[in-house]
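> The sequence and its predicted three-dimensional model are supplied below.
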Amino acid sequence: GAGVSQSPSNKVTEKGKDVELRCDPISGHTALYWYRQSLGQGLEFLIYFQGNSAPDKSGLPSDRFSAERTGGSVSTLTIQRTQQEDSAVYLCASSPTGNNQPQHFGDGTRLSIL
Amino acid sequence: GEDVEQSLFLSVREGDSSVINCTYTDSSSTYLYWYKQEPGAGLQLLTYIFSNMDMKQDQRLTVLLNKKDKHLSLRIADTQTGDSAIYFCAEKRGGGNKLTFGTGTQLKVEL
């Protein structure tokens, strides 16, 4: 079956612009995660959605970052007024439920801020 | 500290065994994972172990867990050139759902 799908695979934008990154989880997976991978910070947790519960936003680095998950499926990560330090690979993962189920990752979106 | 530690680099010859080590931090971690990342790709789940287990074997992969020392290792038998990648260990800390990742070990397999 299809894995986690992320789009776009690459995004180049100018500093100060807003960007939207999309994640389509594995069908039937109720838990969805966003992580960021950068050279300086490694892999960092950003946000977690589980069903209809309030999301765990504890990893979002600033209020310029937000995420939504519509209809319990597709998620969008939005970064407003992008800065150069936002350049990274943004990875999405999903799992069947949130409880101790392995997380399966997409190939990520490589974001470059000029 | 908060960090999950791994050595940065490992080089082996094709056909030899590789052992990648990881030291984690939280004694309440419930599950520990190994992921593989090839260039330009996301993270591929290789295997995982529950914290009440000492060992898990899955084909060429063997995971060893020493809870007392908070030490996790991944052994790859008969290492092939296709195993060249970065390997990440990750812990799921008690009560949480996010993964905390190690720094990654780049495995290079030489002919």
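It's in.

> how about the residues of chain A near chain B?
Chain A has residues A:4, A:6, A:31, A:33, A:35, A:42-43, A:45, A:48, A:50, A:56, A:59, A:91, A:93, A:98-100, A:102-108 near chain B, with proximity defined as Cβ under 8 Å from any Cβ of the partner chain. Bear in mind the C-beta positions are built from the backbone N, C-alpha and C, glycine included.

> Need phi/psi at residue 34.
If you meant another chain, say so; for now it's chain A. Main-chain dihedrals, A:Trp34, degrees, to the nearest 10: phi -120, psi 140.

> Quick check: bridge partners of it?
Beta-bridge partners for A:Trp34, by DSSP bridges, are A:Ile47, A:Cys92.

> State the number of residues packed around it.
Other residues near A:Trp34 number 26, with proximity taken as other Cβ atoms under 10 Å in any protein chain shown.

> can you pull the pLDDT of it?
Here the pLDDT value assigned to A:Trp34 is 98.

> got the contact list for it?
A:23, A:45-48, A:67, A:75, A:77, A:90-93 (Cβ atoms under 8 Å, 6 or more residues apart in numbering or on different chains).

> Tell me how far the spatially most central residue of chain A lies from A:Glu44.
By Cα atoms, centre = their mean, chain A has its centre lying nearest to A:Trp34, at 3.3 Å. Per Cβ to Cβ, to the nearest Å, A:Trp34 is found 10 Å from A:Glu44.

> same question, B:Tyr24
B:Tyr24 sits 16 Å away from A:Glu44, going by Cβ to Cβ.

> Neighbour count: the two, which is higher?
B:Tyr24 (23 against 17).

> need the residues of chain B near chain A, please.
B:30-31, B:33, B:35, B:40-45, B:48, B:88, B:90, B:92, B:97-104.

> now these: which count as buried?
B:30-31, B:33, B:35, B:42-43, B:48, B:88, B:90, B:92, B:97-104 (16 or more other Cβ atoms under 10 Å in any protein chain shown).

> what bits of chain A have low per-residue confidence?
Applying pLDDT under 70 to chain A flags the ranges A:1, A:98.

> how does it look with 80?
A:1, A:40, A:72, A:98-100 (pLDDT under 80).
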